[in-house]
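> What would the 3D arrangement of this be:
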Amino acid sequence: MKHIMFLLAGLMISVTAFAEDTGYAGIWQDKRQNGDYYVIQENDSEIVLIALPGIEATGDTLRYSYIGSKEDLQVTRISAEAAQDIYQRLQLQFNGATEGTIMPICETCTVVTIEIEKIF
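Residues are numbered from 1 along each chain as shown. Coordinates of the predicted model:
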């Protein structure tokens, strides 16, 4: 837990350094799994999603970091070496400034959504 708090503090600093547009940038919490956090950073045209539960479980930062266009809010895993699973590409959907959904983009799987809420 100390590692997550340290990582969150470091990411909060990087969120403010990277984010020019504060629309979705911040720390988001899974509504169903209160200990699961996601960091979203953005600039004029790109959005970055960092899935902290995956990083905590594996230590593999690139495997659980995603980047994409703010235009369509689809993000792709940064790591080219990551396993080809349903979390390779994700769709972000926001319902206002403080609520959103993360969904895998997968034609052959049952979609499991992650409901998130902005906490910072």
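> ok, now which ones touch the residue of the chain most remote from its centre?
Computed with C-alpha atoms, centre = their mean, the maximum C-alpha offset from the centroid of the chain is found at Thr108, amounting to 22.4 Å. Contact analysis of Thr108 by C-beta atoms under 8 Å, 6 or more residues apart in numbering lists nothing. For glycine as for every other residue, the C-beta is placed from the backbone atoms N, C-alpha and C.
> Phi, psi for it please.
Main-chain dihedrals, Thr108, degrees, to the nearest 10: phi -110, psi 20.
> what does Gly54 give?
According to degrees, to the nearest 10, Gly54 has phi -70, psi -40.
> for the one 10 residues further on, same thing?
Dihedral pair for Tyr64: phi -110, psi 30, per degrees, to the nearest 10.
> Find the centremost residue of this structure, please.
Centroid-nearest residue in the chain, with C-alpha atoms, centre = their mean: Leu49, separated by 3.0 Å.
> beta partners for that residue?
Beta bridges link Leu49 to Ile40, Tyr66 when assigned by DSSP bridges.
> Can you name the next helix or strand after the helix or strand of the chain with the lowest mean pLDDT?
Least confident helix or strand, the chain: helix 2-18 with a mean of 48, by mean pLDDT, DSSP states H and E. Using DSSP states H and E, the helix or strand that follows helix 2-18 in sequence is strand 26-30.
> and that next one, what does it pack onto?
Contact analysis of strand 26-30 by 3 or more C-beta pairs under 8 Å, 6 or more residues apart in numbering; DSSP states H and E lists helix 2-18, strand 37-42, strand 114-118 as its packing neighbours.
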